[in-house]
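*Asks:* sequence and predicted structure are below.
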Amino acid sequence: MLSFLGSWLLKSDHIDAGRGCMRRWLCWFEFLTFSHNIALKLILYQFLWILPYLMFANYLERSLLPFRLLCYTDSDYLSVRRPLRRNTHECIQQFFPNRNADPGCRLDQPLRTLIEPTLSSTSTSIVVIRSAPASIDYRNYIRSTWKKSLEPEIPVIFVTGLGNFDLVPESSQYDDILQLDFVDSYMNLTHKMIATYKYVLRKRSIKHIIVINDDTIVNGTALKRQLLTAQFHPEKRYVIGKVSRGYPRLFFPWLLWYVPGEMYPHKCYPPFVQGSSFIISREAASEISQRICDFPFVHLDDIMMGVVTNCLGIRNVHKEGFDKHFPRICDFPFVHLDDIMMGVVTNCLGIRNVHKEGFDKHVPESFTVFHYQYSRYSVEKLQNLWTDLKRNKEL
């Protein structure tokens, strides 16, 4: 094989071909580094991420890529600071040109409380965990793990609606259940959120409401740090969390996040804070709960809040650490070279490799709330992940 290659290269036409091939590679190298029009290079650099994105992103993200690219061309639906229209009524009409607010809307009215926990009259923050009536296994997982890292300084309660599950014995044992008089379902997420605000706002000492899903891991130290920072925010009306931009409306009826065009007619959503974990100020929660019936209803609470905060001029503040997803080591294909394997793992886990003379340190970037967006982690998986984090002293 080597002798054949040598004789092939000795032929002049093959040498010329080889030189031409080399010249082509050099031309590409020059194009990518220091020559040719800068605008063309920027365009090429901009699309270099697409191939790895398609290779490593989950199925839903890969499917959404063309639509997200389309949404990123619509500047009206990308701005975090600027409402779609300055006038609130005009803003609502712009989002819902063919819909009016429901005249029979009762979302701005407080719901009857069926079960209520005992809360301190001096607490300034509260963690509200959204849970289904039958999800006692998730509630017990939280009670045995990260709930302890917040209490008693920050009370942690579970909010739920009606279902085929008796919560009285559990409430009597733990005194951390808030059950409100509505049917607990995925279509009632917005209803659940507004009803929770209404209840918490009755507690005059509460300045911040932290809303979290039950399939999560919370870093208590990081959350307290986020709350301390929030106290010095220059504005009074804000929602802090993972702000998502450029998200398209999903029009496939079989998807959990499907929203029909009759409910929301645009192809793209405005920026919104992911509903799995966020901090909302008392002033923002109060205005939203008072004005919610001015808006046509959307059942997905984070999308609904994106529209409402946009039109009311409530600030969505992006903070790193919310809605984080990091897989465990067993989620990676095995590579026998430990430093190469660690290079892949630390990259995917968001662990920062810090170079110091004489040392190689792996410093994990702090997370506030872990949550896997595209499927619900089992209690066992969450418990194992929590144990791993505690063992590695990352909590």
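*Replies:* Received it, and whenever you're ready, just let me know what you need.
*Asks:* strands of the stretch 151-300 of the chain, start to end?
*Replies:* 156-162, 177-183, 208-213, 216-218, 238-244, 272-281 (DSSP state E, counting those that start in this stretch).
*Asks:* actually the stretch 1-150 of the chain, sorry about that
*Replies:* With strands called from DSSP E, counting those that start in this stretch, the stretch 1-150 of the chain shows them at 113-115, 125-130.
*Asks:* how about those strands in TSV, adding mean neighbour count and distance to S185?
*Replies:* C-beta coordinates here come from the backbone N, C-alpha and C atoms, glycine included. Formatted as TSV, those follow (neighbours: other C-beta atoms under 10 Å; distance: least, C-beta to C-beta, whole Å):
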stretch	mean neighbour count	distance to S185
strand 113-115	16	16
strand 125-130	23	12
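*Asks:* in JSON lines: those, plus distance to I92 and mean pLDDT.
*Replies:* Putting these into JSON lines (distance: least, C-beta to C-beta, whole Å; pLDDT from 0 to 100) gives the following:
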{"stretch": "strand 113-115", "distance to I92": "30", "mean pLDDT": "96"}
{"stretch": "strand 125-130", "distance to I92": "26", "mean pLDDT": "96"}
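*Asks:* return whatever helix or strand W386 lives in as CSV; C-alpha atoms alone will do.
*Replies:* Taking DSSP states H and E as the definition, one finds W386 inside helix 379-391. In CSV, the C-alpha atoms belonging to helix 379-391 read as follows (Å, rounded to 0.1, in the frame of the first residue of the first chain):
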residue,chain,number,x,y,z
VAL,A,379,-37.7,9.8,42.5
GLU,A,380,-34.9,7.2,42.6
LYS,A,381,-32.9,9.0,40.0
LEU,A,382,-33.3,12.3,41.8
GLN,A,383,-32.3,10.7,45.1
ASN,A,384,-29.2,9.1,43.6
LEU,A,385,-28.2,12.4,42.0
TRP,A,386,-28.7,14.2,45.3
THR,A,387,-26.5,11.6,47.1
ASP,A,388,-23.8,12.0,44.5
LEU,A,389,-23.8,15.7,44.8
LYS,A,390,-23.6,15.5,48.6
ARG,A,391,-20.8,13.0,48.4
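*Asks:* before we move on, back to that, need the strands of the stretch 1-150 of the chain in TSV (columns: distance to T216).
*Replies:* Listed next are these as TSV, based on distance: least, C-beta to C-beta, whole Å:
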stretch	distance to T216
strand 113-115	22
strand 125-130	8
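*Asks:* for S244, which of those is the nearest?
*Replies:* Of all the strands of the stretch 1-150 of the chain, it is strand 125-130 that lies closest to S244, at 18.3 Å by C-beta to C-beta.
*Asks:* so what are the sheet partners of the closest one and their directions?
*Replies:* strand 156-162 (parallel), strand 208-213 (parallel) (DSSP bridges).
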